[in-house]
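Visitor: What follows is a predicted structure for the sequence shown.
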Amino acid sequence: MSRALKATLMLIGAVCVLLFAGGFPRLGAPDLYRGGAMLLLGVLAGALSFWGAWALGRGMRVRLVCGMVLTMLAIVGLVTLFTYGSRAIELAGQGGAMWAGAVGMGCTAMVGVLFTAVFGYLASRVMTPRLWLAGMHVCVLLVILGAYLDFCGEEEAVLSLPANGSATATSVRTRDGRELPLNFAITVNRFDIHYYESEHYSIRRSEGGGWVDPQPLELRDGFLCLGDTGKWPLSALRTAPGIDQPFLLVPGEPNRLIVKDPSTVREYAATCSLTQQYRGREETGQEVLRVNEPIERQGWVITLMSHRPMGNTQLVIMQARRSPGRIWVLAGLAGLMVTTACWCWGRKEEPTT
Amino acid sequence: MSTLVYTLTALSLLACATAAVQACRQRPASGMRFFAAGWVLALVLFVVNGCMAQAMPFGNMRHVLCFFPLVMLPACLYLRRCRQLDLLGYFASASVLMLIGALCMPLQAAWRQMPALQSPWFAPHVTSYVIAYGLITVSALLCVVSYCRADGRQDERAADAVLRLAFPFLTFGLCSGAIWADAAWGGYWAWDIKEVWSLITWGIILLYFHLAHSAAFAGWRRPLLLLAFAAMVITFLVVNLLPALDSLHSYA
């Protein structure tokens, strides 16, 4: 057994023990994961991954590099297919003139299919099971490299803007108080929240200044029923300024309240106006920022995190992040998914030394 | 509706249990028929759950546990056809374990998909983890049986083949979760407790595969497999069921 393999075994074991130490019985030591021991183990893991890829690719290193490039191109095709394919479906769903855009997006998605088919086929011809295993090591190295780049150079800040277009942000303030320019201006002009339909009601009792112990009520023939012990007409529920849901103080029992349960948020979206300089001119565009659909601009990724009421509007809470290692990590993760599948499920492994 | 859900779960459980018993009695054809019946019942249960949730029924632990038998039969048939491994009894037993869990869970019919879960990654992420966890369970069962038998090498090899089938699904789940988190939470890794435990599970299986190259550590492989199963149980169940744990995955 080689010394490097022994070192790898010890390293993976040490990483697991360290993760276990921080993760059991509950997550109480996030600092442990960003501490010196983990950083050192990360460096060692990167070095051993590189060594693993180097050793496994012995005699076929050019082929390994070519195979990995082809695999990455196939992944780019796959990403293009999904990104533009979903946009094409979205635009087609809007109908009308949007069909032209949908067709354009669809054509780009087809290019993605072509990329995936051609480069995927070429990669499968170039790579052997041993090279897929080496490719897995390369992908782990990419993830570690990206994580270290982020550890050293990531900038992250919370960006809160009212949804009525009254404020514009051109910079963000990080947690340690540094002001960083965004190199573009962002304004939130509109905020939309959609709810699921809710027809659930409960009865609660007053305790310590709050309404506690909710008991679900059943809606029967226009009446809200609590088993056979109580029955109240639904039409008796009223709304009041400052109270979101219809309610009823139970007649004769002021410490009991019937209330419509709050509806669950289905989705929310902020319509943003983004202004940036392009060849000495100001260019303004509209983008819809949704959960799961961040906006990328000038190296910053703006993610919609949350919202809360502010006067008669909503305060939209976003995260602005500039991470130099993000692309490396994402490429490594995508590559890891493909190479692992090809190694485990591909042709039978040739004997290794 | 709740009566229908519990009845379907119980019937599917019964069919899978009978399939396991028939497999133990060396009646594979009859066992496969019962397992197929269990699969059909699980499919109906999945559709009913989907109608009640008005979305892909992966919203809570019961939904996910009810989905397990659906992936077990195809995996069992794949291994029989492509790897010449007849593991009907193990797959049926693993399905029984999952369905017993599903019967113990509350119904939570009014589950609604929150905004962060409305992503194209949702279904593939959960499905890949369900397949991986199901296969790891089968692998662990084989490992336990290999300890009980005088010559357990054949079971050990079967456990290895099943784990090799599971590992890409586990990797896909881990990586797709990170890519999804990058879009939803603004960062690909948040050191959330569920993430940490899934990484521990992945790391232990990685260790298991590295040991394949070493005859000196051959005896360590089976304990490591059982350790990976234990880590998987913590990731899947303990992290979500312990109320004291704050997790970004608390909806799962």
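Guide: Everything's here; your move. Numbers count the residues shown, from 1 in each chain, chains lettered A, B, ... in the order given.

Visitor: you'd agree A:Val172 is up against A:Leu180?
Guide: Yes: the pair A:Val172 / A:Leu180 is scored as a contact, 5.5 Å apart, by CB atoms under 8 Å. The way it works is simple: take the backbone N, C-alpha and C, and place the C-beta from them, glycine included.

Visitor: With neighbour numbers in mind, choose between these two.
Guide: The neighbour count for A:Val172 versus A:Leu180, taken as other CB atoms under 10 Å in any protein chain shown, is higher for A:Val172 (23 against 15).

Visitor: Counting neighbours, what do you get for A:Arg256?
Guide: Counted with other CB under 10 Å, the neighbours of A:Arg256 add up to 18.

Visitor: what do A:Val172 and A:Leu180 both touch?
Guide: By CB atoms under 8 Å, 6 or more residues apart in numbering or on different chains, A:Val172 and A:Leu180 have these common neighbours: A:Ala157.

Visitor: Select the longest strand from chain A.
Guide: Longest strand in chain A by number of residues (criterion: DSSP state E): strand A:179-195.

Visitor: and whatever helix or strand comes next after that one with chain B, contact?
Guide: Using DSSP states H and E, the helix or strand that follows strand A:179-195 in sequence is strand A:201-207. No: using CB under 8 Å from any CB of the partner chain, strand A:201-207 stays clear of chain B, coming no nearer than 11.9 Å.

Visitor: Roughly how far does the residue nearest the centre of chain A sit from chain B?
Guide: Centroid-nearest residue in chain A, with CA atoms, centre = their mean: A:Asn292, separated by 5.4 Å. Using CB to the nearest CB, to the nearest Å, A:Asn292 is found at 4 Å from chain B.

Visitor: thinking that residue is in contact with B:Trp185, fair?
Guide: No: the criterion here is CB under 8 Å, and A:Asn292 misses it with B:Trp185 at 9.6 Å.

Visitor: list the residues that contact both of these two?
Guide: Contact with both A:Asn292 and B:Trp185 is made by residues B:Ala116, according to CB under 8 Å, 6+ apart.

Visitor: Next up, the contacts around the residue nearest to the centre of chain A.
Guide: B:Pro115, B:Ala116, B:Gln118, B:Ser119, B:Trp180, B:Ala183, B:Ala184.

Visitor: and it, what pLDDT?
Guide: You'll see A:Asn292 listed with a pLDDT of 91.

Visitor: Grab the nearest non-local neighbour of it.
Guide: B:Ser119 (4.4 Å; CB to CB, 6 or more residues apart in numbering or on different chains).

Visitor: Look at that neighbour and tell me its secondary structure.
Guide: coil (DSSP: H, G, I helix; E, B strand; the rest coil).

Visitor: What's the local residue count around it?
Guide: Neighbours around B:Ser119, by other CB under 10 Å: 19.

Visitor: How about the one 4 residues further on?
Guide: Other residues near B:Ala123 number 12, with proximity taken as other CB under 10 Å.

Visitor: ok, it to chain A distance?
Guide: Distance from B:Ala123 to chain A, counting by CB to the nearest CB: 13 Å.

Visitor: so that residue sits in a helix?
Guide: Yes: per three-state DSSP, B:Ala123 lies within a helix segment.

Visitor: just checking, it touches B:Ala55?
Guide: No: taking CB under 8 Å as the definition, B:Ala123 is not a contact partner of B:Ala55, at 9.8 Å.

Visitor: show me the contacts for the closest residue in space to A:Glu207 that isn't next to it in sequence.
Guide: Nearest in space to A:Glu207, with sequence neighbours left out and distances taken as CB to CB, 6+ apart, is A:Asp213 at 7.5 Å. By CB under 8 Å, 6+ apart, the residues touching A:Asp213 are A:Arg204, A:Arg205, A:Glu207.

Visitor: now the first one, nearest residue through space, not along the chain?
Guide: Right, A:Arg204. Closest residue in space to A:Arg204, ignoring its immediate chain neighbours: A:Trp211 at 3.9 Å, by CB to CB, 6+ apart.

Visitor: what residue ranges in chain A score low on pLDDT?
Guide: Where chain A drops to pLDDT under 70, the residues are A:1, A:23-30, A:242-244, A:348-353.

Visitor: Next, the buried residues of the lowest-mean-pLDDT helix or strand in chain B.
Guide: Least confident helix or strand, chain B: helix B:239-241 with a mean of 76, by mean pLDDT, DSSP states H and E. Within helix B:239-241, the residues scored as buried using 16 or more other CB atoms under 10 Å in any protein chain shown are B:Val239, B:Asn240.

Visitor: Counting by contacts, list what it packs against.
Guide: helix B:193-211 (3 or more CB pairs under 8 Å, 6 or more residues apart in numbering or on different chains; DSSP states H and E).

Visitor: Could you check the angle the next helix or strand after the helix it packs on makes with helix B:193-211?
Guide: On the C-terminal side of helix B:193-211, the closest following helix or strand by DSSP H and E is helix B:221-233. Angle of helix B:221-233 versus helix B:193-211, following axes from the mean of the first three to the mean of the last three CA atoms, to 10 degrees, is 170 degrees.

Visitor: Which other helices and strands does helix B:221-233 contact?
Guide: helix B:122-148, helix B:153-184, helix B:193-211.

Visitor: Name the residues of the longest strand of chain A that are buried.
Guide: Here strand A:179-195 shows A:Leu182, A:Phe184, A:Ala185, A:Ile186, A:Thr187, A:Val188, A:Arg190, A:Phe191 as buried, counting by 16+ other CB under 10 Å.

Visitor: Could you do stretch A:127-147 as well?
Guide: Buried, per 16+ other CB under 10 Å, within stretch A:127-147: A:127-147.

Visitor: Kindly report the same for stretch A:265-279.
Guide: For stretch A:265-279, by 16+ other CB under 10 Å, it's A:Glu267, A:Tyr268, A:Ala269, A:Ala270, A:Thr271, A:Cys272, A:Ser273, A:Leu274, A:Gln276.

Visitor: same deal with stretch A:233-242?
Guide: Quick answer for stretch A:233-242 (16+ other CB under 10 Å): A:Leu234, A:Leu237.

Visitor: Contacts for that stretch, please.
Guide: A:Tyr201, A:Leu219, A:Gly222, A:Phe223, A:Leu224, A:Gln245, A:Pro246, A:Phe247, A:Leu248, A:Ile258, A:Lys260.

Visitor: Give me the neighbour count for the closest residue to the first one other than its chain neighbours.
Guide: So that's A:Tyr201. Distances taken as CB to CB, 6+ apart place A:Leu217 nearest to A:Tyr201, at 4.4 Å, with adjacent residues excluded. By other CB under 10 Å, 23 other residues sit near A:Leu217.

Visitor: Would you confirm that A:Leu217 contacts A:Gly227?
Guide: No: A:Leu217 is beyond contact range of A:Gly227, at 9.4 Å (criterion: CB under 8 Å).

Visitor: quick one, phi psi at A:Thr303?
Guide: Reported as degrees, to the nearest 10, the phi and psi values for A:Thr303 are phi -120, psi 140.

Visitor: Tell me who's in contact with it.
Guide: Listed by CB under 8 Å, 6+ apart, the contact partners of A:Thr303 are A:Pro294, A:Met318, A:Gln319, A:Arg321, B:Ala183, B:Ala184, B:Trp185, B:Gly186.

Visitor: give me the element the last one is part of.
Guide: Which is B:Gly186. B:Gly186 belongs to no helix or strand when assigned by DSSP H and E.

Visitor: By neighbour count, which of the contacts of A:Asn292 wins?
Guide: B:Ala184 (22 neighbours).

Visitor: Paired strands for the one helix or strand the residue nearest to A:Tyr201 maps to, with orientation please.
Guide: Using DSSP H and E, A:Leu217 maps to strand A:210-220. Strand A:210-220 pairs in its sheet with strand A:201-207 (antiparallel), strand A:223-226 (antiparallel), by DSSP bridges.
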